[in-house]
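Engineer: Got a predicted structure here, sequence first:
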Amino acid sequence: MSAYLNTRVSLYARRLWPDAALDTLVGVADDVVANTLIQRGLPQLAAGQDPQTGRQQDSRSLEQRIIAQILDETRVLIRPLSGTARTFLTFWTARFEISNVKTLLRSKLTGERPAAVLARLTPMGAFGRLDNPDLAHAEDVGELLRRLEAGPYAGIVRHARRAFEQNHDPFILDAALDHGYYEGLILRAQPLEDSVGAPFRSLMASLIDRINLVWLLRYRFNYKLPPAQVYYLLVGSRYSLSSARLRELAALDSLDAVLAALPAAWQIQLAGVTDIPGVFARMEHTAAEQALRVLHSGAPDIARAFAYLILRERDLRAVRAVLRGRHLGLAEIEIRQALQRAPAETA
C-alpha cells in the first residue's frame, strides 16, 4: 500500500460536500458565492463567478472547470501508482475524452465548422490522447471514424461504427460509444478486482449495475427500442445484474414489471420509486453510501482512491446544479428539488 496515496486520499476526503454545505450554497448571498467555493477547495469554479451577481458567466466554462478539477485531482492521485492501478484510473478519465469524440461526430453530422467545434471540446491536459485539430478537419463522419479507429480508442469506435452503419442513428452512435467505454473499464478493472478484492469490486458492481439498469429502462421505455437492441447496448456484466438477467429484464414491457423482477434486495432499495429519474437517484445514493464506506475503511489504497473520485464527481455535479440554478434565477426550493440528492454525509 502507498502511504502517500492513502494520506492524499484522506486529505482530499475533507473536500467532500455534506448536504448541509450544498444547502448553504443554495441560499448564500450572491456576493459570497465565490468565497464559499474557495473555502470548499474549488478556486477554479470561483474564478468563473461574477462577483456582483454570484452567477457563472459561461455555462460551458462551468462544465469545463469542473472536469479540470476532477482531472487535476486524479493526476495527483495516480502519481505514486503504476501497472494496473494507474491504467485503470487513467482510463477512468477517458470518459471525458469519449464525450469529446461524441461532440466531434455530431459536428460532422451537422456540418459545424472545425474552429467552432474545437472551441467546445473539453481540454484534457495530460490525459488527452487525441489529436483534436486533425479529427475536427476530417471530411465527414466516415472519415472521422476511420481516423478514430487508427487511434487509442480503436476498440470503442469500431463497435460504435458497426452499430451506426446499420441505421445511421446519432443516438445509437452515442449509446454504442458509451457501451464500448464501459466494456473497456470492466476489462481494466478485472485485475484489480482479483488482487484488491471485495472493496474495489463493490464499487465496480454499484457503478455497472446502476448504468445497466438505468440504460435498460431509458432505452426500453423512453426510446422504445426493441428488447434485442436494448440488450445489445448494455454492458456485459458479471455483477448482481448478470447479462442473463439483463436479457430477461429487457424483454419485459413496463417499468413496474422490470422493478418487480429485480432481486429482492433491489426491490427493497427501490421501494416507492415510480419513474426512471427516481431509479437513478436512489441507486446513485446507494452507490455513494457504499463509496463512503470504502473511503473511510482500511481498504487498499486504489479502492479508497476510486471511492473518493466517485464521490468527488457526484459532489461537483451537485455544485454545478446549484450554480446553474442560481444562474437561471431559479427559486431556492426549485434548486433543492432539482438536486434530487438524498443525504450522504461525510464522516
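Structural biologist: Here it is on my side, so go on. Values in this document were obtained by computation on a predicted structure and should not be read as measured data.
Engineer: what's the following helix or strand after whichever strand or helix holds residue 230?
Structural biologist: Secondary-structure element containing residue 230, defined by DSSP states H and E: helix 227-233. For helix 227-233, the following helix or strand on the C-terminal side (DSSP H and E) is helix 243-250.
Engineer: list the helices and strands the helix holding residue 230 packs on?
Structural biologist: With contacts defined as 3 or more C-beta pairs under 8 Å, 6 or more residues apart in numbering; DSSP states H and E, helix 227-233 has these neighbours: helix 170-196, helix 198-217, helix 243-250. Using the backbone N, CA and C atoms, a C-beta is placed for each residue, glycine as well.
Engineer: Highest mean neighbour count out of those?
Structural biologist: With neighbours taken as mean count of other C-beta atoms under 10 Å, these reach their highest mean count in helix 198-217, at a mean of 21.
Engineer: Give me the angle between that one and helix 243-250.
Structural biologist: Computed with axes from the mean of the first three to the mean of the last three C-alpha atoms, to 10 degrees, the direction of helix 198-217 lies at 30 degrees from that of helix 243-250.
Engineer: residues in contact with helix 198-217?
Structural biologist: Residues outside helix 198-217 that contact it (C-beta atoms under 8 Å, 6 or more residues apart in numbering) are 175, 178, 182, 186, 189, 192-193, 230, 233-235, 237, 239-241, 246, 249-250, 255, 258, 262, 276, 279-280, 283-284, 286-287, 290-291, 294, 297, 299-300, 302-304, 306-307, 310.
Engineer: Narrow these to just the buried residues.
Structural biologist: Restricting the contacts of helix 198-217 to buried positions leaves 175, 178, 182, 186, 189, 192-193, 230, 233-235, 237, 239-241, 246, 249-250, 255, 258, 262, 276, 279-280, 283-284, 286-287, 290-291, 294, 299-300, 302-304, 306-307, 310, with burial counted as 16 or more other C-beta atoms under 10 Å.
Engineer: what residue ranges in the stretch 51-200 of the chain are flagged as low confidence?
Structural biologist: Screening the stretch 51-200 of the chain residue by residue with the criterion pLDDT under 70, one finds the ranges 51-60.
Engineer: residue boundaries of the helices in it?
Structural biologist: Assigned helices in the stretch 51-200 of the chain, in chain order: 59-77, 83-110, 114-120, 132-136, 141-149, 154-167, 170-196, 198-217 (criterion: DSSP state H, counting those that start in this stretch).
Engineer: Quick check, residue 140 in contact with residue 110.
Structural biologist: No. Proximity of residue 140 to residue 110 does not meet the contact threshold set by C-beta atoms under 8 Å, at 11.7 Å.
Engineer: re the thing from before, would you indicate which residues of the helix holding residue 230 are buried?
Structural biologist: Counting neighbours by 16+ other C-beta under 10 Å, the buried set in helix 227-233 is 227, 229-233.
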